[in-house]
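Asker: when you get a sec, could you give me coordinates for this:
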Amino acid sequence: MEPLVSLVIPVFNQKHEYMRRCVQSALVQEHSGLEIIVSDNCSTNGCTDFLAEIADPRLRIVKPPRHLPLIQHFAFAGFQAKGPLISFLPSDDWLEPGWLGAMLGVIEKHPEAAFAFCDINKHVLQSGEVSPYRGSGFPSRYFTDAEAMRLLGRLVCKEFSYFIVGGLIRSDAFFKCGGFHDAGASYSGDFSLGLGLIKHGGAAYETRTLANYTVWGEKHGKADAQRSAIACQDAAKIISWAENDGVLRGIAARARFSFRKSRARLSIFFLLAYLQNAIDDPGSRRTHGEFQEHLKRLSRGWLPIWVTRLLGSAPSLRLLSLLRDRYGPKIKSFFL
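Answerer: Residues are numbered from 1 along each chain as shown. Coordinates of the predicted model:
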């Protein structure tokens, strides 16, 4: 029997306890039409060895012929799916019991939706904080393609950030849009996927908290100002890709969405990340030079380079250090 839902778990050298938690949360979903695809990106730490002990016919293990960059690996894993519905579950995240039945009800209620997503609990490793990500102020509803474009265009917004975790995607929309477009990006494949999907339908949202998302901290090496800056660069590259797509330009026109304003906002985000990095490492001339060059390309001349030089001066950095000490948690939450 062909599966109804393909749950795809891409993994590379994940911590063993996180990998077990992720897979176990998939196995407890009670639905005979589920296939669980674990795509091991040539891990070297044995994090998938325990899968050989699991005698569950729903579980399938695949591996690319060589190690792939992050977005390319997600794309490879997605194209292994056989079901008419696909879900991606990063290997440090996990699902709540009953997730599948609830999300099937959501997407079946909205046949015009290219994908459906739900609220998630955000687990911040550094602080131990756990909280619903979108919260009760964001009701269950259907978004048209134009509404989805406006939300995606906010770039850093609770409405669509991390929509992949706990989401369901129609496989025909996934394959038609080409899956994940890396567009030269390093990390932000969910942003390009979201834009690609709305070419084939809107999005349905379920307010119930049905999945869990892990937020890594600086001490874990996965969240810092430089990585935030890279994410901004990624988004700018994806916007450039979207600007050259006729269908997306048409949706943007109906949504009254401005690619130019989005690029300007990215420049501001990037500048903040640059300043944070400069405060953390004021003696790094190489870092300053790299950030100035990236910002110049990102803003396309919108922001004069003398502004970054002024803000990177010693007096400015001392002032910014004082501000960071006072408002540090707010700055960190902005980046994360």
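Asker: which stretches of the protein form helices?
Answerer: With DSSP state H as the criterion, the chain has helices at 16-27, 70-78, 99-109, 145-152, 171-176, 189-197, 225-243, 246-255, 259-280, 285-299, 305-311, 314-335.
Asker: what is the orientation angle of the first one with helix 99-109?
Answerer: Think helix 16-27. Angle, helix 16-27 to helix 99-109, by axes from the mean of the first three to the mean of the last three C-alpha atoms, to 10 degrees: 50 degrees.
Asker: same for helix 16-27, what does it pack against?
Answerer: Packing contacts for helix 16-27, counted by 3 or more C-beta pairs under 8 Å, 6 or more residues apart in numbering; DSSP states H and E, involve strand 5-11, strand 34-40, strand 94-95. Bear in mind the C-beta positions are built from the backbone N, C-alpha and C, glycine included.
Asker: neighbouring contacts of the last one?
Answerer: The one in question is strand 94-95. 21, 22, 24, 25, 26, 29, 89, 166, 210, 211, 212 (C-beta atoms under 8 Å, 6 or more residues apart in numbering).
Asker: pLDDT averaged over it - what is it?
Answerer: Averaging pLDDT along strand 94-95 yields 97.
Asker: where does pLDDT dip in the stretch 1-150 of the chain?
Answerer: Applying pLDDT under 70 to the stretch 1-150 of the chain flags residues 1, 126, 136-137.
Asker: same question for the stretch 151-300 of the chain.
Answerer: Residue ranges of the stretch 151-300 of the chain with pLDDT under 70: 153-161, 182-187, 217-229, 232, 263-300.
Asker: can you give me the end-to-end span of stretch 76-94?
Answerer: 21 Å (C-alpha to C-alpha, to the nearest Å).
Asker: that one: which residues count as buried?
Answerer: 76-79, 81, 83, 85-94 (16 or more other C-beta atoms under 10 Å).
Asker: same check, this time on stretch 252-261
Answerer: For stretch 252-261, by 16+ other C-beta under 10 Å, it's 252, 255, 257.
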